[in-house]
Structure formats: structure tokens, C-alpha cells
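Participant: Give me the fold of what follows.
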Amino acid sequence: MGFSTQNELPRVLFIDNEEQIRNAFAHMMKWRGFTVDVAASAGSAIALATKKRYKAIVTDISLPDMDGMDLIERLRSMQSYASFLVVTGCNNLDPPTGANVDEAITAIITKPWDSDDLEAKLREAIVLHDRRTLCSEEHPPTLLIVEDDYHSGYSVQEYFKASGFRTIWVRNGRDAIAAFQDNRVDVVLLDIMIPEIDGYSVCRTIKSDWRTRAVPVIFMTAKGAPEDKVLGFDADVDSYVTKPYDLRVLKAEVTARLKARQHYNALAAQTRIFRQLATIDELTELYSRRFFQDRLTYELIRAKRYKQDLSLLVVDVDHFKRANDTHGHLFGDMVLKQVADLIRSGLRRVDIPSRCGGDEFSIILPSTGKIGAAKAAERLRRLVQDHVFSMKPPARQGGAVGAANEHLRARITVTIGVATCVDDRYPGNQDEFVDWADKALYRAKSMGRNHVAFATARHGAWCDEVSLIDSRPESEVGSR
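Facilitator: Coordinates of the predicted model:
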């Protein structure tokens with residue numbers, strides 16, 4: 001269908017010459033419901049602004065190639081409806097002034113910022129952007145008018161055109177459905193008594209599709225009896241305006257529905273973010289512990305029903321606390337993110353990796369028996385063992401970062417416990433499955449870490465056999 005749900009996440013441009021600040025802003029705001037582009041200089045920001053439209057632009061006041069205020073004036077001429085926020089390290093910055101700057105800037109943010117306060121200011125800026133564009137000539141809302149009476153339809157169309165709306169006028173129900181499907185419609189003004197398909201049926205068609213049910217439909221009709229209104233609300237109409245109507249009242253009703261739609265879009269975006277936060281780990285972008293537990297239960301049920309193998313890997317980062325204490329929490333976060341990247345790179349698309357807390361990861365391997373799980377675990381162990389974990393150290397007080405080529409580096413290893421269902425024997429529940437993978441993990445740790453060990457269910461019950469996996473090169477073991 002031609003209609004867009006308009007539930008896209010608001011796009012924000014962030015400009016700062018410090019890479020760590022750019023990365024921190026992008027990561028933080030992504031998980032708070034924004035799409036973020038970043039730029040290291042004014043030139044890069046201008047290049048992005050020529051290609052994309054932004055609801056809010058956040059810029060440092062001090063940039064290497066242009067003053068921040070001058071950049072805002074330049075971007076203001078390119079993105080007339082965008083809201084601007086200024087980031088500065090000065091606590092006593094005077095409010096900026098200028099021909100186009102003062103009305104565009106909605107907030108001044110002092111480093112280091114509070115994340116919740118920054119999010120609140122960004123959302124206020126986006127609301128201001130939406131208000132500017134609501135009835136702008138550049139983004140006029142589209143109104144579909146369905147009215148078979150020529151004089152009524154013409155007067156409504158001309159009135160809303162003069163008020164800044166884009167209008168589409170059709171005179172029967174069949175054309176109404178076609179026009180709705182072929183255009184991006186924001187509000188529908190719908191007569192009930194129209195040829196071919198009546199207004200009730202047109203309304204039901206719009207509301208029956210989950211992609212378009214949020215589009216406001218307003219009945220404008222002479223059928224104002226209580227039973228007629230009941231039929232309308234049964235068809236999920238949003239509002240009722242009875243003929244003869246005052247065009248000013250009709251416009252007020254349309255405007256109110258547009259504002260309600262904006263609130264709906266914001267709520268829908270927040271709902272998606274909350275759902276994502278419930279299923280995705282914020283730091284590593286692997287699945288969350290909650291998702292892992294639900295999915296493991298599902299995979300166990302599926303494996304039992306179809307008599308399929310199923311394996312579970314529990315991965316623990318060796319001596320993570322020591323690395324964290326030695327190099328700092330930023331380095332520890334980097335290690336976890338890179339371990340997650342290595343896990344993703346070594347798995348199939350059907351495998352399900354998750355972070356279950358701290359430095360522990362779990363991986364569900366559907367349709368995978370003992371040999372396949374052993375090879376997958378050993379491949380992952382080698383990937384981590386051979387990887388050099390490195391990051392640029394954070395700036396010290398005064399902005400110094402030490403030698404130009406100074407990096408924090410470390411070698412990290414993982415220990416992996418594997419639990420596998422074989423011979424059509426399965427654990428009683430997901431907790432039992434995890435417990436046996438944990439037992440295998442403890443066995444591998446007792447052998448000196450950087451090992452893989454497994455536990456297997458067979459002969460009718462889970463047994464106490466926990467064995468080390470052969471760590472021969474993969475070329476000798478075969479392919480999974």
C-alpha cells in the first residue's frame with residue numbers, strides 16, 4: 001500500500017570532533033529510540049545534511065573547521081524545520097544570538113551531560129520540529145475527502161487547500177479505497193451515503209489493515225441519529241461531524257486528530273524500543289537473558305516433538321574482573337562487545353547467542369549434536385584466543401591521551417561448557433539443561449580455563465559424565 005505508517009524513529013545528527021563522545025552519544029541514544037548519524041567536523045555534517053533530513057541536530061560549539069554557531073546558521077538554511085541543541089564544556093555560556101540561530105536553538109547542554117536530561121531535551125526539540133512541519137508548505141498533511149455532493153466536496157476541498165493541506169477528493173467508495181491505497185493519507189473525511197461502497201465499509205477496510213488502522217477517519221454526514229453513530233463506532237470511526245457543519249469546526253477536528261496521531265506515533269516508537277530492550281542486551285546487542293530463557297524452553301519443546309538434537313553452550317570470559325580492574329570499565333565493555341562480535345562471526349544464522357549477565361554468554365544450537373557442538377565451541381574458543389583486544393585509552397584530565405600510538409591491549413580467553421541432547425533423551429526443563437552446561441563449564445575451569453568441556457544425556461537420563469572436548473585443530477576434526 002502507498003500509505004506510510006510514519007512510525008520511523010526520529011533521526012538526529014550529532015557533531016563532535018572527539019570519537020569517544022560521538023560513539024557514546026550514538027550508542028546511548030540508539031537505545032532510547034533515536035536514529036543517530038554522527039559527524040566529526042562541520043564539513044562532514046554539511047555533507048550529511050545535503051542527503052538526509054533531521055528532526056534535531058546536536059553540535060559541539062568548538063569544531064576544528066568552523067565555529068559551532070556559524071555551522072548552525074549554515075545548517076539552518078538547509079534544514080529549516082530542524083531543532084538545534086548546542087553542546088559545550090562551559091558552564092556559563094551565554095545564549096547564542098543571530099538572525100537565524102536564536103529561534104532554532106532549543107537547549108544548551110553542558111558536558112558531562114546527564115543521559116535522561118539529554119533525552120528529555122531531544123524529545124522537546126523533536127516536538128518543536130513536528131509542530132513546525134505540521135502544516136508547512138514543505139510537508140503538508142494529506143486529506144482524503146470522500147463526498148459525492150459536488151458543492152459540499154468542492155467547498156471542503158477549497159477550504160483545506162487554503163489552510164495549507166494537500167487534498168484528494170473522490171466521490172464514491174470504490175475510488176476512495178483506491179485513492180487511499182495509492183497515496184500517503186494522514187486524515188480521511190468520509191461521507192456515509194456514497195455510491196458503490198458505503199462509508200461504513202470504506203472505514204472498515206481502512207481499519208482492518210494493521211498498517212493503516214491508526215489513520216484517523218472522520219464521518220461527515222447527515223445521518224446523526226444515535227443508531228447511525230453506533231454503526232459508525234462499530235466500524236471503528238474516530239469521530240463524527242454532523243451536517244450541516246461549520247468548516248472551522250471541521251478543521252479543528254482534523255487538527256486535533258493530527259495531533260493525536262503524533263502522540264500515537266511517539267508511543268508506537270517507544271513501544272518498539274521497550275520491546276527491543278526486553279529482548280536485546282544493550283551493550284553487546286546479543287539477545288537478552290529473558291529472551292534466552294523463553295527461547296530455550298521453546299527449542300526444547302520443538303526438539304522433543306521432532307526428535308531432534310539440541311545443544312547449549314555456556315561461555316565465560318576468563319579472568320574478566322582482573323582485566324576490568326587493570327584497564328578500567330571502558331576496556332571491559334570493549335572486551336564484552338568484541339567477544340560478542342566474535343561469537344556472532346562463528347555461528348550459523350539459526351543459532352541463538354545471548355548475554356546472560358556480566359561476562360557470561362549462552363548460545364543455543366538447534367539441530368546440533370555432540371560433534372557439531374564440540375566443533376562450534378572449539379572454533380569460538382580459538383577465535384577469542386587468537387584475537388588481540390585493543391582500544392585507544394580515554395583522554396586524561398586536560399585532554400591529553402599520552403603517546404599518539406598508545407593503545408590498551410590484552411589477550412583474552414574463554415572457557416566453554418557444552419550440554420547436548422543425544423539418543424532422543426532430553427532434560428526435564430530448561431533449568432536442568434542450563435545446569436548441565438554449567439557443570440561442564442566448571443569442569444573446564446578446573447582444568448585451567450581456556451578449555452571446552454561437555455555433558456551429555458543418554459541411556460534414558462542425564463548422567464554425571466562431564467568430559468573435556470578434544471582441542472585438535474578443526475581441520476583434523478572435520479566440518480560441522
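
Participant: Low-confidence bits of this protein, can you list those?
Facilitator: Along the chain, segments meeting pLDDT under 70 span 1-8, 90-104, 131-139, 268-270, 272-273, 275-277, 393-406, 423-424, 456-480.

Participant: What are the buried residues along the biggest helix by length in the chain?
Facilitator: Ordering each helix of the chain by length in residues (DSSP state H) puts helix 247-279 first. For helix 247-279, burial by neighbour count (16 or more other CB atoms under 10 Å) applies to Leu250, Lys251, Glu253, Val254, Arg257, Leu258, Arg261, Asn265, Ala266, Ala269, Ile273. Yep, even glycine has a C-beta here, placed from its N, CA and C like the rest.

Participant: Same question for stretch 63-73.
Facilitator: Going by neighbour count (16+ other CB under 10 Å), the buried part of stretch 63-73 is Leu63, Met66, Gly68, Met69, Leu71, Ile72, Glu73.

Participant: First-to-last residue distance for it?
Facilitator: Using CA to CA, to the nearest Å, the end-to-end distance of stretch 63-73 comes out at 14 Å.

Participant: can you give me how far that stretch is from the chain middle?
Facilitator: 30 Å (CA atoms, centre = their mean, to the nearest Å).

Participant: Name the SS class of Tyr12, please.
Facilitator: Heads up, residue 12 is Val, not Tyr. Reducing the assignment at Val12 to three states with DSSP: H, G, I helix; E, B strand; the rest coil gives strand.

Participant: ditto for Glu196
Facilitator: Relying on three-state DSSP, one would call Glu196 coil.

Participant: burial measure for it, as a count.
Facilitator: Glu196 has 14 neighbours, counted by other CB atoms under 10 Å.

Participant: Just read off the phi/psi values of it.
Facilitator: Taking degrees, to the nearest 10, you get phi 70, psi -60 for the backbone angles of Glu196.

Participant: That one touches Val170, doesn't it?
Facilitator: No. Taking contacts as CB atoms under 8 Å, Glu196 lies outside contact range of Val170: 10.6 Å.

Participant: Now do Val84 against Ala40, distance only.
Facilitator: If you look again at residue 84, you'll see it is Phe, not Val. 18 Å (CB to CB, to the nearest Å).

Participant: With Glu19 instead?
Facilitator: Counting by CB to CB, the gap from Glu19 to Ala40 is 7 Å.

Participant: Tell me which of the two has more neighbours.
Facilitator: Legend: neighbour count by other CB under 10 Å for Glu19 and Ala40, higher for Ala40 (16 against 11).

Participant: Name the nearest residue to that one, sequence neighbours excluded.
Facilitator: Computed as CB to CB, 6 or more residues apart in numbering, the closest residue to Ala40 that is not its neighbour in sequence is Asn17, at 5.5 Å.

Participant: hang on, isn't that neighbour packed against Asp60?
Facilitator: Yes. Between Asn17 and Asp60 there is a contact at 6.8 Å, judged by CB under 8 Å.

Participant: For these two, work out which one has more neighbours and name it.
Facilitator: The neighbour count for Asn17 versus Asp60, taken as other CB under 10 Å, is higher for Asp60 (22 against 16).

Participant: The more buried one and Gly68 touch, don't they?
Facilitator: Yes. At 5.9 Å, Asp60 counts as touching Gly68 under the criterion of CB under 8 Å.

Participant: Next, show the common contact partners of those two.
Facilitator: Ile15, Val86 (CB atoms under 8 Å, 6 or more residues apart in numbering).

Participant: Now do the end-to-end distance for stretch 168-188.
Facilitator: Terminal-residue distance, stretch 168-188 (CA to CA): 10 Å.

Participant: which residues touch that stretch?
Facilitator: 1-4, 141-148, 150, 153-154, 156-157, 190, 194-199, 201-203, 205-206, 212, 215-218, 254, 257-258, 261.

Participant: now stretch 217-235
Facilitator: Counting by CB under 8 Å, 6+ apart, 147, 156, 187-193, 199-201, 203-204, 206-207, 236-243, 245, 250, 253-254, 257 sit against stretch 217-235.

Participant: and Gln20, which of the three is it?
Facilitator: Assigned with three-state DSSP, Gln20 falls in the helix class.

Participant: Against Pro64, how distant is it?
Facilitator: 16 Å.

Participant: Now do the helices in the stretch 151-300 of the chain.
Facilitator: 173-182, 199-208, 226-234, 247-279, 289-306 (DSSP state H, counting those that start in this stretch).

Participant: Lys370 is nearest to which of the ones you listed?
Facilitator: Of all these, helix 289-306 sits nearest to Lys370, with 13.9 Å by CB to CB.

Participant: Packing partners of the closest one?
Facilitator: helix 247-279, strand 310-317, strand 352-357, strand 360-366, helix 430-446 (3 or more CB pairs under 8 Å, 6 or more residues apart in numbering; DSSP states H and E).

Participant: and the angle from the second one to helix 289-306?
Facilitator: Between the axes of strand 310-317 and helix 289-306, defined by axes from the mean of the first three to the mean of the last three CA atoms, to 10 degrees, the angle is 150 degrees.

Participant: Would you list the strands that strand 310-317 pairs with, along with their directions?
Facilitator: In the sheet containing strand 310-317, its partner strands are strand 360-366 (antiparallel), strand 414-421 (antiparallel), by DSSP bridges.

Participant: Just want the angle from that strand to strand 352-357.
Facilitator: If you take the same axes, to 10 degrees, strand 310-317 sits at 40 degrees to strand 352-357.

Participant: next one: the helix or strand just after strand 310-317 to chain centre, how far?
Facilitator: Next in sequence after strand 310-317, counting helices and strands by DSSP states H and E, comes helix 320-327. With CA atoms, centre = their mean as the basis, helix 320-327 stands 31 Å off its chain's centre.
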